[in-house]
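Participant: My questions are about this predicted structure, shown below with the sequence.
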Amino acid sequence: MTLSQNDQKKLLAVKAASFVEYGMLLGLGTGSTVDIFISTLGEKFGSLKDLEIVPTSLDSAHKASKLGIKVLEPKMDLKPDLLIDGADEVASDLSMIKGGGGALLWEKIVAQNSKKRIYMADSTKLVRELGHFLLPIEVVLFGHEWTHNDLKKTFSFVSIRRTVAGEIFKTNSGNVIYDCQITDGIEIGVLDTDLCQIPGVITSGLFYDFIDVLLTVQNENIIEICEPKDVFW
């Protein structure tokens with residue numbers, strides 16, 4: 001029997017929790033799989049009052065705080081021992097697209113400053129090449145329509161993200177997001193660098209060379225992948 005997506009997320013959360021030890025400072029990601037991971041930590045440790053995290057979004061900070069987890073601000077002398085986060089899409093070269101929830105900038109900052117990075121991705125998130133999931137690009141609010149025009153020179157489809165109510169979506173940093181379709185022939189390895197040359201672009205949801213350990217599911221089993229040579233899809 002094939003596991004449902006939710007059942008896969010539960011398995012991934014339990015496995016991710018097995019990497020966590022008392023005394024660790026965690027970088028806590030954002031998203032539905034991370035939400036399950038937080039609950040799993042409660043089951044593993046019972047009390048979470050001694051656990052400390054650096055959040056990747058206000059949403060994660062709020063959920064962690066409600067469970068008694070101590071939430072810390074990023075500072076020079078803090079370096080998370082372990083980052084646990086999810087992914088929207090993972091390619092066979094272990095590049096990722098993240099930011100479906102709008103937390104891409106904070107997620108990238110925390111990941112860049114963590115000692116070890118573990119990402120969880122159920123089997124529906126695995127692709128040969130990135131581009132099935134639209135690439136989020138975080139843009140400064142000022143002059144964002146001009147930035148939109150520049151983005152259209154690179155992507156076949158560019159759309160500003162809006163809330164369910166139809167208002168322009170704002171990130172925790174007060175920026176806007178444009179969701180873009182990656183076109184065939186774009187070199188992923190240099191795309192993020194090229195995008196940041198466009199005035200107004202802060203960062204993209206392209207996470208290239210960030211994965212230390214990818215946790216995913218194959219035939220109802222949890223698989224740990226550390227290098228592209230271990231990829232099975």
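Facilitator: Yep, it's here.

Participant: Strands of this structure, residue ranges please.
Facilitator: Taking DSSP state E as the criterion, the chain carries its strands at 25-28, 52-55, 70-71, 82-86, 89-90, 96-97, 117-120, 135-139, 157-160, 176-181, 201-204, 206-207, 213-218, 221-225.

Participant: Can you say which of these is nearest to Asp150?
Facilitator: strand 201-204 (8.1 Å; C-beta to C-beta). For glycine as for every other residue, the C-beta is placed from the backbone atoms N, C-alpha and C.

Participant: Low-confidence bits of the protein, can you list those?
Facilitator: Judged by pLDDT under 70, the chain has its weakly predicted residues at 1.

Participant: Can you show me the helices along it?
Facilitator: Taking DSSP state H as the criterion, the chain carries its helices at 5-17, 32-45, 58-66, 104-112, 144-151, 188-195.

Participant: same for the third one, what does it pack against?
Facilitator: Based on contacts counted as 3 or more C-beta pairs under 8 Å, 6 or more residues apart in numbering; DSSP states H and E, the elements that helix 58-66 packs against are helix 32-45, strand 52-55, strand 70-71.

Participant: For Asp194, find the nearest of the strands of the chain.
Facilitator: Go through the strands of the chain one by one with C-beta to C-beta and the one that ends up closest to Asp194 is strand 201-204, at 9.6 Å.

Participant: Report the distance from that closest one to the chain centre.
Facilitator: Using C-alpha atoms, centre = their mean, to the nearest Å, the mean C-alpha position of strand 201-204 is found 14 Å from that of the whole chain.

Participant: contacting residues around the closest residue to Phe157 other than its chain neighbours?
Facilitator: With sequence-adjacent residues excluded and distances taken as C-beta to C-beta, 6 or more residues apart in numbering, Phe157 is closest to Gln181, at 3.8 Å. With C-beta atoms under 8 Å, 6 or more residues apart in numbering as the criterion, the residues that contact Gln181 are 131, 134-135, 155-158.

Participant: Distance to Gln8 for the helices and strands packed on helix 58-66 - can I get that in TSV?
Facilitator: What follows is those, written out as TSV (distance: least, C-beta to C-beta, whole Å):
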stretch	distance to Gln8
helix 32-45	9
strand 52-55	24
strand 70-71	28
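
Participant: Save the strands of the chain as JSON lines, and put in distance to Val190 too.
Facilitator: Compiled in JSON lines, these are given as follows (distance: least, C-beta to C-beta, whole Å):
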{"stretch": "strand 25-28", "distance to Val190": "26"}
{"stretch": "strand 52-55", "distance to Val190": "29"}
{"stretch": "strand 70-71", "distance to Val190": "36"}
{"stretch": "strand 82-86", "distance to Val190": "24"}
{"stretch": "strand 89-90", "distance to Val190": "19"}
{"stretch": "strand 96-97", "distance to Val190": "16"}
{"stretch": "strand 117-120", "distance to Val190": "21"}
{"stretch": "strand 135-139", "distance to Val190": "14"}
{"stretch": "strand 157-160", "distance to Val190": "19"}
{"stretch": "strand 176-181", "distance to Val190": "16"}
{"stretch": "strand 201-204", "distance to Val190": "12"}
{"stretch": "strand 206-207", "distance to Val190": "10"}
{"stretch": "strand 213-218", "distance to Val190": "22"}
{"stretch": "strand 221-225", "distance to Val190": "24"}
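
Participant: Quick one: closest of those to Leu12.
Facilitator: Closest among those, using C-beta to C-beta: strand 117-120, at 4.1 Å.

Participant: circling back: among the helices of the chain, which is nearest Asn221?
Facilitator: The closest approach between Asn221 and any of the helices of the chain, judged by C-beta to C-beta, belongs to helix 5-17 at 8.7 Å.
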